[in-house]
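Chemist: structure, please.
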Amino acid sequence: MSRVFRKTLRGSGPPGGHPDFFAAEAAGLRWLADAGAPVAKVLAVSEDAIELEKLDTARPDRAAARAFGAVLASMHDAGAPRFGSPPTGFDGQLFIGRRPLSSIEYDSWGEFYARERVEPYLRPALEAGNLTASDADAVHAACELIANNALDDAEPAARIHGDLWNGNVMWTPAGVVLIDPAAHGGHRETDLAMLALFGCPLLDEIIIGYQETHPLVPGWEDRVEVHQLHPLAVHAAGHGPGYGTALGRAARSVLDAHA
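Modeler: Sure thing, here's the model as predicted:
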């Protein structure tokens, strides 16, 4: 019998017990698993809780990191119908952390990313006092650049984890296992940029494994801050002014790079 990790919502933060909260997580895990990704196995899900197979932990190592990079590339390659598409068969509310995440679909990445992944979190960040008006203006300007498809490439919508910070990468004796996704159709570089933002161990090895499976579009290193606007905006909405400052800095860097 599988050992069980049971997760429930505690605290008063958003979404305050939304009935789709755990269903969205379960749908995301299953959708990524359908693409061959190593994810925590869903044992049961309800409006109040999700039960996952409990994982043993291990130290990160280079072989596991390279293998993770390869499987991450393959997961991305499984694709999604459009940018913003939710997991197949799920039509409820998506979340990133406890914040709502849009599932409005677009044909172009730039318009999707600016309108649905960055801009929705600016007003909450301003209202929380975590983002200055000056920094917000810089982010809006960067979003206009992105929405006009100035940074689009030929990559189709990838099947991404969507919240791939280090805490959602579990190192186990069998290799990396992913947890707690905000899965949707997005750009593969967004997952990689989030790994970089929050300091995933052995990221260089992960990138090597990734590139061996799916070479990234040249210049991807120069686009990291573009893809970090989303997680920084989400964190600025609820995790303090340091993230607002980092968001403004990243936006100005994007603008300077494409002046």
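Chemist: show me what contacts the most centrally placed residue in the chain?
Modeler: Closest residue to the average C-alpha location of the chain: Gly162 at 2.2 Å, with C-alpha atoms, centre = their mean. By C-beta atoms under 8 Å, 6 or more residues apart in numbering, the contact set of Gly162 is 28, 96, 101, 181-184, 186, 190-191. (Glycine included, C-beta is placed from N, CA and C.)
Chemist: next, give phi and psi for Glu116.
Modeler: When quoted as degrees, to the nearest 10, the phi and psi of Glu116 stand at phi -110, psi -20.
Chemist: what's near enough to touch it?
Modeler: Counting by C-beta under 8 Å, 6+ apart, Glu116 has contacts 84, 102, 104, 106.
Chemist: kindly report the same for Thr57.
Modeler: Thr57 makes contact with 170-172, according to C-beta under 8 Å, 6+ apart.
Chemist: what about the contacts of Gly162, which are in strands?
Modeler: Using DSSP state E, 96, 101, 184, 186 are the members of the contacts of Gly162 that sit in strands.
Chemist: which of those ranks first by neighbour count?
Modeler: Using other C-beta atoms under 10 Å as the neighbour criterion, His184 leads the ones in strands among the contacts of Gly162 with 31 neighbours.
Chemist: what's near enough to touch it?
Modeler: Neighbours of His184 in contact, by C-beta under 8 Å, 6+ apart: 80, 84-87, 94, 101, 103, 160, 162.
Chemist: ok so, going back, need the contacts of Gly162 in a markdown table (columns: distance to Thr132).
Modeler: Formatted as a markdown table, these follow (distance: C-beta to C-beta, whole Å):
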| residue | distance to Thr132 |
| --- | --- |
| Gly28 | 33 |
| Ile96 | 23 |
| Leu101 | 25 |
| Pro181 | 31 |
| Ala182 | 27 |
| Ala183 | 32 |
| His184 | 29 |
| Gly186 | 28 |
| Thr190 | 25 |
| Asp191 | 29 |
